[in-house]
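Enquirer: Here is my input; please provide its structure:
(2 chains)
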Amino acid sequence: MSKKIKRRQFLAGVAAAPAAGLAATATRAVAQTAPAQASSVPAIPRDERSLNDMPPQTQGKSGSDFMVDVIKTLNIDYCASVPGSTFRGLQESMITYGNNKKPEFITTLHEDSAAAMCHGYAKVAGKPMACMVHGTVGLQHASMAIYNAFADRVPMLVLSGNIGNSATRQMNVEWNHSAQDQAITVRDFTKWDDQPTSLQGFADSMVRAYDLMTTVPMAPVLITADGDLQEDTIPPGMEKKLYIPKLKERGHPAGDPALVRDAAKMIVAAENPVIYVNRYARTERGPALLTELAELLQAPVVDNHGRQNMPNRHRLNHTPRREATLANADVILALEPVDIWGLTNYVADLIGRPALPPRRQANLKIIHIGSEMLLTKSNFQDSQRYGQADIEIAGDAEATMPTLIEAVKTEINASDKTRLSARGQKLREASAKFLDQYRQDVAYQWDARPISSGRMVMELWDQIKNEDWMMPTESQFISDWPFRLWDMNKLYHHIGGSGAQGIGYNTPAALGAALANKEHGRVTVAIVGDGDFNMAPGVLWTATHHKIPILYLVHNNRAYHQEVMMIVKMADRRMRANHPNLYVGTKIEDPNIDYAKIAQGYGMYAEGPISDPKDLAAAIRRGVDRVKRGEPALIDVVSDGR
Amino acid sequence: MRCLALSAAVFTLGLGSAQAQDYAPPKGDAHAGEALFQRFGCYSCHGSWGQGSGRDGPRINPPPAFPVVLQQLRTPRSEMPPYVASVIPDQGVADIYAYLASLPKPPDAKTIKALQ
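Expert: Numbering: from 1, shown residues only, chains lettered A, B, ... in the order given. Okay, here's the model as predicted:
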């Protein structure tokens, strides 16, 4: 249409406007008085039967029975949960139709604990377990533990209930617990989610979810089980049409072989190569392959302890000389480092947070093999600062290792062997001194009060060193003594940390690990901070109720000690460290908490508070004895800050 | 967190010398020093016995020479925050020093069964 015509029409419209306005007013008047045209759809519900007229209701196979059929094909042993009405159909099917086996329903007292148990379990069992959370509110409770697992790239199957059909929601509470998009609460930190609207869709999505979460990069997934789908009878004729896709084993993505050959050339030619590992080992093969590579190259390994990557007493494990080793490197091979930028950069904890790069060689080259870039999300910043290596190889480091080892073997010639052997000899001589030095360091704190972390850790070691043991908890708050002085040589001896440092991981995740250890008869020993413990004390009841053997040592420094240090530092900078309020908000005292009494209240064997270091060994011995008999136990140790 | 690094300065400042060792520390009250060590948060990184953690603060038991301690407190190296004289006067530092110097000598690690 031309501008000329438009203008003409506009002018005609303006001229006609007053008359049209009158006509419209008249029409509205008619509309207000005339009856609405009759509709074939009534304005009120048609069913006029009263509740008393409804016949007794029973049903045959329900939708949630089929859902349990699906879950059983995934070989999931446990489902941790706080019961909730949005998944009542599925829970009932799981415990009766499914006979409470594969999965067994594990009752927890908080959804965060249920999810954190999944986190710890998966890292020991090598396969995921499930948690089932109430619509909206339960999922919000679980969200922090799901975020921890995401940041740690650990799989878990999160099942959420939801009454998706607003017309079938019962009054009040079911509205509060339902959502248009249940997954939005956790979508930023799950690998995938779905809210299927049919039983066949549920089967497809569950198998897809399992496939996705167990393929590197691993991460939690969420499937929302619709309430009507759970509770309604499977319509006649539909059951025969339903099928469950068979779960197939899928390989993990490995690095480009051409780039791996380039990496091998670079690291064999290096004068002082260093292997840096963090979230590397997934299976028993991981540490074995890493050891083989280190010995081939006669190169030191620096372990950031994201997993149990290498025996800590191996003579090529130079983690105790971390900075000196990295400072000497001309090539760093970084395997799943998580923070590649941090290898050559440092933001100091000084006013203004200045960038103060650590000492590194000017000719340093970095090879990066890792899966970090294969799964990143935008909002939460667990991806770390962007860093680049000289050779970037996207892929799972453990899956890439066999190719790398073969390439390194090809590159090493006869003349290299003499050079590498001499390098290895020096490294072995240096590491021979590590143990004695650390033992003497602990001797300095042996009789200290409050009980030192070194004494607590070594008294525990003395009681478990001849057992098949595992320690599922983080060690930075106990000054890493286990890594320095224990003999850690099995994949399950240590499983890395929380991922996102969300406090409240250690206590429930340790129980998840203990659940996985139960069938192996391992002695699980967890050293948990008092701050962490107080986020999830209810897991003690879960441990007792389900007879999960685990020894908790509460590292009871009566403070959020990390924050004690931070506030002291802030006050020092501002010349206010003599202020009487220095410890307001960071101490957990007045009154002191009696953790043994709490544990006893949950039905658990417990001792403490232990304040005299001389009493510690006997208390731990009694606790370990309980665990060996299949019981959980707790020792409250009044301890120094670190 | 890398917090305090008191004894790191022992070597970097070159004050572990005979001259520093010869400097007699001012008289201090060990009992008062223990209280100050807690009150000002020294214990939080260095441990209640100055044992260090290997992560957050090094061992300062036994303490290095007094001038080294004083210099590191007033003008610290690394990420240790400064303790100015208006917060801890020199006498307070002397008391803390006396406390650290009063701590018992550690046993030989070889004599501790649980460390073998």
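Enquirer: For burial, what's the neighbour tally of the residue in the stretch 51-200 of chain A positioned nearest to chain B?
Expert: Closest residue of the stretch 51-200 of chain A to chain B, Cβ to the nearest Cβ: residue A:151 (18.9 Å). To be clear about C-beta, it is placed using only N, CA and C from the backbone, and glycine gets the same treatment. Burial of residue A:151 is recorded as 20 neighbouring residues (other Cβ atoms under 10 Å in any protein chain shown).
Enquirer: So it sits against residue A:496, correct?
Expert: No - the pair residue A:151 / residue A:496 is not scored as a contact, 11.0 Å apart, by Cβ atoms under 8 Å.
Enquirer: low pLDDT regions in chain B?
Expert: B:1-23 (pLDDT under 70).
Enquirer: Alongside chain A, which residues does it contribute?
Expert: Taking Cβ under 8 Å from any Cβ of the partner chain as the criterion, the neighbours of chain A within chain B are B:1-3, B:39-41, B:43-45, B:47-49, B:51-56, B:59, B:61, B:79, B:81-84, B:86-88, B:104, B:106-110, B:112-115.
Enquirer: just the buried members of those?
Expert: Among the residues of chain B next to chain A, the ones that count as buried by 16 or more other Cβ atoms under 10 Å in any protein chain shown are B:3, B:39-41, B:43-45, B:47-49, B:51-56, B:59, B:61, B:79, B:81, B:83, B:87-88, B:106, B:109, B:112, B:114-115.
Enquirer: Let's see which of those end up in helices.
Expert: Per DSSP state H, helices hold the following members of these: B:39, B:43, B:44, B:45.
Enquirer: Now do the same contact list for the third one.
Expert: Taking Cβ atoms under 8 Å, 6 or more residues apart in numbering or on different chains as the criterion, residue B:44 is in contact with A:561, A:564, A:565, A:568, A:641, A:642, B:3, B:56.
Enquirer: Surely residue A:447 is in contact with residue B:104?
Expert: Yes - contact criterion Cβ under 8 Å: residue A:447 and residue B:104 qualify, at 7.1 Å.
Enquirer: On the three-state scheme, the closest residue to residue B:86 other than its chain neighbours is what?
Expert: Once flanking residues are discounted, residue B:86 sits nearest to residue A:575: 6.2 Å by Cβ to Cβ, 6 or more residues apart in numbering or on different chains. In three-state terms, and counting by DSSP: H, G, I helix; E, B strand; the rest coil, residue A:575 is coil.
Enquirer: how deep is the spatially closest residue to residue A:386 that is not a sequence neighbour tucked in, by neighbour count?
Expert: In space, and not counting its chain neighbours, residue A:386 is closest to residue A:341: 6.6 Å by Cβ to Cβ, 6+ apart. Residue A:341: 14 surrounding residues under other Cβ under 10 Å.
Enquirer: show me what contacts residue A:341?
Expert: By Cβ under 8 Å, 6+ apart, the contact list for residue A:341 reads A:384, A:385, A:386, A:387.
Enquirer: Now do the one helix or strand residue A:88 maps to: which elements does it pack against?
Expert: Taking DSSP states H and E as the definition, residue A:88 sits inside helix A:88-92. If you count contacts as 3 or more Cβ pairs under 8 Å, 6 or more residues apart in numbering or on different chains; DSSP states H and E, helix A:88-92 packs onto helix A:63-73, strand A:157-162, helix A:227-231.
Enquirer: of the ones in helices among the buried ones among the residues of chain B next to chain A, closest to chain A?
Expert: Distance to chain A, by Cβ to the nearest Cβ, is smallest for residue B:44 among these, at 4.8 Å.
Enquirer: Name all residues that make contact with residue A:159.
Expert: Contacts of residue A:159 by Cβ under 8 Å, 6+ apart are A:79, A:87, A:90, A:130, A:131, A:132, A:133, A:222, A:223, A:224, A:225.
Enquirer: List the residues that contact the second one.
Expert: Read it as residue A:87. Counting by Cβ under 8 Å, 6+ apart, residue A:87 touches A:81, A:132, A:134, A:135, A:159, A:160, A:161, A:225, A:227, A:230.
Enquirer: switch the cut-off to 6 Å
Expert: Shown in contact with residue A:87 (Cβ atoms under 6 Å, 6 or more residues apart in numbering or on different chains): A:132, A:161.
Enquirer: outside of the host helix or strand of residue A:606, which residues touch it?
Expert: Of the helices and strands defined by DSSP H and E, residue A:606 is found in strand A:605-610. Residues outside strand A:605-610 that contact it (Cβ under 6 Å, 6+ apart): A:596, A:599, A:600, A:616, A:619, A:626, A:633, A:634, A:635, A:636, A:637, A:638.
Enquirer: circling back to that earlier point, can I get the contacts of residue B:44 in a markdown table with secondary structure and distance to residue A:480?
Expert: Converted to a markdown table, the contacts of residue B:44 look like this (DSSP: H, G, I helix; E, B strand; the rest coil; distance: Cβ to Cβ, whole Å):
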| residue | secondary structure | distance to residue A:480 |
| --- | --- | --- |
| A:561 | helix | 15 |
| A:564 | helix | 19 |
| A:565 | helix | 16 |
| A:568 | helix | 21 |
| A:641 | coil | 14 |
| A:642 | coil | 10 |
| B:3 | coil | 15 |
| B:56 | coil | 11 |
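Enquirer: any idea which of those has the most stuff around it?
Expert: Most neighbours among the contacts of residue B:44, by other Cβ under 10 Å: residue A:642, with 31 neighbours.
Enquirer: quick one, what contacts that residue?
Expert: So residue A:642 contacts A:453, A:479, B:53, B:56 (Cβ under 6 Å, 6+ apart).
Enquirer: again, only this time at 10 Å
Expert: By Cβ atoms under 10 Å, 6 or more residues apart in numbering or on different chains, the residues touching residue A:642 are A:452-454, A:476-481, A:555, A:557, A:561-562, A:565, B:3, B:43-48, B:51-57.
Enquirer: burial of residue A:166, as a residue count?
Expert: Neighbours of residue A:166 under the rule other Cβ under 10 Å: 10.
Enquirer: Let me know the pLDDT of residue A:44.
Expert: If you check residue A:44, the pLDDT there is 79.
Enquirer: count of neighbours near it?
Expert: Residue A:44 is flanked by 5 other residues according to other Cβ under 10 Å.
Enquirer: same check, this time on residue A:418
Expert: For residue A:418, the tally of surrounding residues (other Cβ under 10 Å) stands at 9.
Enquirer: swap in residue A:357?
Expert: Other residues lying near residue A:357 total 9 when counted by other Cβ under 10 Å.
Enquirer: Identify the residues contacting it.
Expert: Shown in contact with residue A:357 (Cβ under 10 Å, 6+ apart): A:344, A:345, A:346, A:347.
Enquirer: and with 8 Å instead?
Expert: Each residue near residue A:357 by Cβ under 8 Å, 6+ apart is listed here: A:344, A:345, A:346.
Enquirer: Name the nearest of those relative to residue A:541.
Expert: For the contacts of residue A:357, the closest approach to residue A:541 (Cβ to Cβ) belongs to residue A:346, at 43.5 Å.
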